[in-house]
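S.K.: with the input below, show me the fold.
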Amino acid sequence: MPEESQKEYLEYLASEIALFEGRAASLADPSLEQVRQLSPKRILDLGCGAGQELMKFNDDSIELKVGADIQFAAGEVFRKLRSNAGDDRAIFINSAGEHLP
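M.R.: Got it, this is the predicted structure:
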């Protein structure tokens with residue numbers, strides 16, 4: 001990816017995360033509650049984009065959170081957001097779930 005395109009993409013992802021965080025604070029998510037009721041230890045999010053959905057589990061006791069997406073640059077935004085968490089067990093990969101067999 002050309003450097004200018006990567007910079008624009010990282011800015012786009014950062015703005016998407018900011019929008020998501022603003023919405024997440026004001027909206028209840030029934031699917032989030034369903035997942036929490038299962039008491040998972042690990043989460044795999046396919047097609048996770050910038051990791052917005054995984055961010056909902058940032059403070060939970062889930063041992064491993066894995067996001068999969070085709071854009072490597074998306075992982076850079078997630079890593080920057082998680083850099084102060086002190087937990088290296090977050091893995092970020094990207095793929096389009098609807099294209100999986």
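
S.K.: what segments of the chain are helices?
M.R.: 3-26, 30-37, 52-55, 72-82 (DSSP state H).

S.K.: show me what the shortest one is packed against.
M.R.: What that stands for is helix 52-55. helix 3-26, strand 42-46, strand 64-68 (3 or more CB pairs under 8 Å, 6 or more residues apart in numbering; DSSP states H and E). (Glycine included, C-beta is placed from N, CA and C.)

S.K.: pLDDT (mean, whole number) over it?
M.R.: For helix 52-55, mean pLDDT is 76.

S.K.: now for Ile17, how many residues are close by?
M.R.: If you count neighbours by other CB atoms under 10 Å, Ile17 ends up with 20.

S.K.: distance to Phe57 added to the helices and strands packed on helix 52-55, as a markdown table?
M.R.: Listed next are the helices and strands packed on helix 52-55 as a markdown table, based on distance: least, CB to CB, whole Å:
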| stretch | distance to Phe57 |
| --- | --- |
| helix 3-26 | 12 |
| strand 42-46 | 6 |
| strand 64-68 | 6 |
